[in-house]
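>>> Any chance you can model this:
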Amino acid sequence: MTRAAPAASLACIFKAAAAVFWYLPRAVSLEGPARAVAAAAAAAAAAEEPIVVPPQPGRFVLPLNRQRVPVQSDMDFVSYKSVYFGSISIGGPEQQTFSVVFDTGSGHVVLPSDVCESQTCLIHSRYFREKSQEALDVDYDGTPVAAGAPRDQITVAFGTGEVTGRFVEDSLCLGAGKDADMPSCVTVRMVMATEMTHEPFHAFAFDGVLGLGLDSLTLAPEFSFFGVMAQQKQLEHPSFGVFLAENDDETSQILFGGHSPDLVQSDLSWTPVASPELGYWQVKITRLRIGNRVLDFCNDGQCRAVVDTGTSLLAVPKGLMADLQQELSDLVRDPVPDANGELDCRQAEGAYLHFELGDAFMTLTPGDYTRQSIQLMGDNENSSATTDVLPDGNTSLSEAIESSHAAVGPDWEAGPRTCKPTLMPIELPEPIGPKLFIWGEPVLRKYYTAYNWKEKKVGFGLARHSSPKVTVPSGSTSASLPPLGPLLL
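Just a heads-up that it's a prediction; the model follows:
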């Protein structure tokens, strides 16, 4: 979830006063999980047995579970959004287990606490301060707080909702309960929510967020879980890698202490973080192309892309959105439907979208940026909107920016299907905007990503999936593309 965290916000925190810490509104934000409540899906996801991965010295692998829920927008768009989350354990000697989304677009660990008694908090696992002998109540700067004394608070806005919480310092370990990886444990400051709004936190099975943004996205370095791990030299390498599964036969994972070469088809191509002082894992886009045609939008050198594990779609600057959506849509050709009339949009043909990053470039095919769309019928036949549906193997990481989650008519699935680009407009002020792209699940599923904390750079490599690689169709607008350095396709 990409969020702005100006340094000025630090000066706004005083004892017994709430510091408002605003995050950027977006189509998909981690702290702002999807807008459609699917209680049954949430219960099923929560009930999944975690996969235990044997630990290696200095390398900690966590499998990520996926939950999919339907989301409908104000414009009658319905899609299945997905979130990926893993387990952590807090406190000691009795550890408390929580499921969290590992979010490269935020910096703090945020969990519901036992002080929060709203229905939103009660449906999730809550942190009980008195159960941990290692816990210490603190202000944001680490100053211990006596019982009953005034203390700092923080209010974090997540677009459609917000969390208000207090600070605690406690041990955090990767993994669940008795299966927790003890060498991974570090002492870190966390935000324990005392209030959570219904939207958007009621919809998903995971309990909280573990931010993996750079130190600038935190109130202090002691809030950064990965920063503390790297500083204490508990890792084989000060980096982490993320792999998102393409289908249910694969297992998504995050690895701390390096990356997984077996999940990459070639060596990683590295690019430096642009403006690391802003706290985001963002890279500079030097040129943008549709097929062989160069778009002049990025010619001024101001285009950036945030690599964000808390975003489900491909976010595009508002000034480019309409033209890009229209051009890509006009060139998309649907694959042949199966016996049930379903479309596997991973096989769609059309224009290739290229992002050049200096010496390397990344390419999204129609199979990456489109998904099956169903035109609303029956009770919704007067609507001109379409309904986005994600088939197995083409899922998203988080929720879309749409704020409504009204139910569609019972016959909505009877409508005609087509593959449609699923881009999301975003408009952000300087210094992070205005020409900011957010690379969410469409990019993260195609490319394995690695994040080097020490050298402040991001690595990309074509992910090694179990399904056959989609080949370049004959007649593609990119078939005659000349080589431009390392091709990440």
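>>> hang on, residue 328 in a helix?
Yes. Counting by DSSP: H, G, I helix; E, B strand; the rest coil, residue 328 is part of a helix.
>>> ok, now which ones touch the nearest residue to it once chain neighbours are set aside?
In this structure, residue 328 finds its nearest non-sequential neighbour in residue 421, 4.5 Å apart by C-beta to C-beta, 6 or more residues apart in numbering. Backbone N, C-alpha and C define where each C-beta goes, glycine included. Listed by C-beta atoms under 8 Å, 6 or more residues apart in numbering, the contact partners of residue 421 are 325, 328, 329, 332, 366, 369, 370.
>>> ok, so of those residues, who is nearest residue 171?
residue 369 (41.6 Å; C-beta to C-beta).
>>> Now that closest one. Its backbone dihedrals?
Listed backbone geometry of residue 369 is phi -100, psi 0, with angles given as degrees, to the nearest 10.
>>> Pipe the contacts of residue 421 into TSV and attach neighbour count and pLDDT per row.
Output for these, formatted as TSV (neighbours: other C-beta atoms under 10 Å; pLDDT from 0 to 100):
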residue	neighbour count	pLDDT
325	17	93
328	21	96
329	16	93
332	18	94
366	27	96
369	26	92
370	27	89
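>>> got the residues you listed as TSV, with distance to residue 240 columns?
Formatted as TSV, the contacts of residue 421 follow (distance: C-beta to C-beta, whole Å):
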residue	distance to residue 240
325	33
328	32
329	36
332	35
366	30
369	26
370	30
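>>> Nearest to residue 125 among these?
Minimum distance to residue 125 across those is 35.6 Å, recorded for residue 369 (C-beta to C-beta).
>>> residues contacting the closest one?
So residue 369 contacts 314, 328, 353, 421, 422, 423, 442 (C-beta under 8 Å, 6+ apart).
>>> Could you list the low-confidence segments of the stretch 101-250 of the chain?
Within the stretch 101-250 of the chain, the stretches with pLDDT under 70 are 158-160, 178-179.
>>> send the alpha carbons of the helix or strand harbouring residue 419 over as CSV?
Residue 419 is part of strand 417-421, with elements assigned from DSSP states H and E. What follows is strand 417-421, C-alpha atoms only, in CSV (Å, rounded to 0.1, in the frame of the first residue of the first chain):
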residue,chain,number,x,y,z
ARG,A,417,-17.2,-12.2,-21.5
THR,A,418,-14.2,-10.4,-22.8
CYS,A,419,-10.6,-9.7,-21.7
LYS,A,420,-10.2,-6.1,-20.5
PRO,A,421,-7.1,-4.2,-19.3
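>>> So in that sheet, which strands flank the helix or strand just after that strand, and in what orientation?
Next helix or strand after strand 417-421 toward the C-terminus (DSSP H and E): strand 423-426. Using DSSP bridges, the strands paired with strand 423-426 in its sheet are strand 314-317 (parallel).
>>> pLDDT on the partner strand, on average?
The pLDDT scores in strand 314-317 average 94.
>>> Now that strand - C-alpha only, PDB.
Provided in PDB are the C-alpha atoms of strand 314-317 (Å, rounded to 0.1, in the frame of the first residue of the first chain):
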ATOM      1  CA  LEU A 314      -1.400  -1.700 -12.200                       C
ATOM      2  CA  ALA A 315      -1.800   2.000 -11.100                       C
ATOM      3  CA  VAL A 316      -1.300   4.600 -13.800                       C
ATOM      4  CA  PRO A 317      -0.900   8.400 -13.500                       C
END
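>>> What are the contacting residues of that strand?
Under C-beta under 8 Å, 6+ apart, the answer for strand 314-317 is 26-28, 297, 303, 324-325, 364, 369, 422-427, 433-440, 442-443.
>>> When you filter those down to buried only, what's left?
Among these, those classed as buried by 16 or more other C-beta atoms under 10 Å are 26-28, 297, 303, 324-325, 364, 369, 422-426, 433, 435-440, 442-443.
>>> what ranges do the helices span in the chain?
39-47, 119-122, 198-201, 225-231, 318-331, 366-369, 441-446 (DSSP state H).
>>> And those helices: which comes nearest residue 458?
Of those, nearest to residue 458 by C-beta to C-beta is helix 441-446, at 11.1 Å.
>>> Which strands and helices lie in contact with the closest one?
Contacts defined by 3 or more C-beta pairs under 8 Å, 6 or more residues apart in numbering; DSSP states H and E place helix 441-446 against strand 360-364, helix 366-369.
>>> closest one to residue 66 among these?
helix 366-369 (17.9 Å).
>>> Measure how buried residue 98 is and give me the count.
23 (other C-beta atoms under 10 Å).
>>> got a list of what residue 450 touches?
239, 240, 241, 242, 258, 259, 268, 458, 459, 460, 461.
>>> go again using 7 Å as the cut-off
Residue 450 makes contacts with 239, 241, 259, 268, 459, as judged by C-beta atoms under 7 Å, 6 or more residues apart in numbering.
>>> Which one of the contacts of residue 421 is nearest to residue 276?
Of all the contacts of residue 421, residue 369 has the smallest distance to residue 276: 27.8 Å, by C-beta to C-beta.
>>> Would you check how far apart the nearest residue to residue 100 once chain neighbours are set aside and residue 123 are?
Ranked by C-beta to C-beta, 6+ apart and with sequence neighbours excluded, the top spatial neighbour of residue 100 is residue 210, at 4.4 Å. Separation of residue 210 from residue 123 (C-beta to C-beta, to the nearest Å): 20 Å.
>>> Next: residue 97.
Counting by C-beta to C-beta, the gap from residue 97 to residue 123 is 16 Å.
>>> what bridges to the residue nearest to residue 328?
For residue 421, the beta-bridge partners are residue 370 (DSSP bridges).
>>> For the most centrally placed residue in the chain, give me the pLDDT.
Taking C-alpha atoms, centre = their mean, the centroid of the chain lies closest to residue 310, which sits 1.5 Å from it. Here the pLDDT value assigned to residue 310 is 81.
>>> buried ones in the lengthiest strand in the chain?
Using DSSP state E to assign secondary structure, the strand with the most residues in the chain is strand 181-196. Using 16+ other C-beta under 10 Å as the test for burial, strand 181-196 gives 181, 184-186, 188-196.
>>> returning to that earlier point: quick one: which of the contacts of residue 450 has the most company?
Ranking the contacts of residue 450 using other C-beta under 10 Å puts residue 241 first, with 25 neighbours.
>>> if we can go back for a sec, tell me which of the helices and strands packed on helix 441-446 sits nearest to residue 86.
For the helices and strands packed on helix 441-446, the distance to residue 86 is smallest for helix 366-369, at 24.4 Å, taking C-beta to C-beta.
>>> Look up the residues forming beta bridges with the closest residue to residue 191 other than its chain neighbours.
The spatial neighbour of residue 191 that comes closest, neighbours along the chain excluded (C-beta to C-beta, 6+ apart), is residue 165 at 4.3 Å. With DSSP bridges as the criterion, residue 165 is bridged to residue 154, residue 193.
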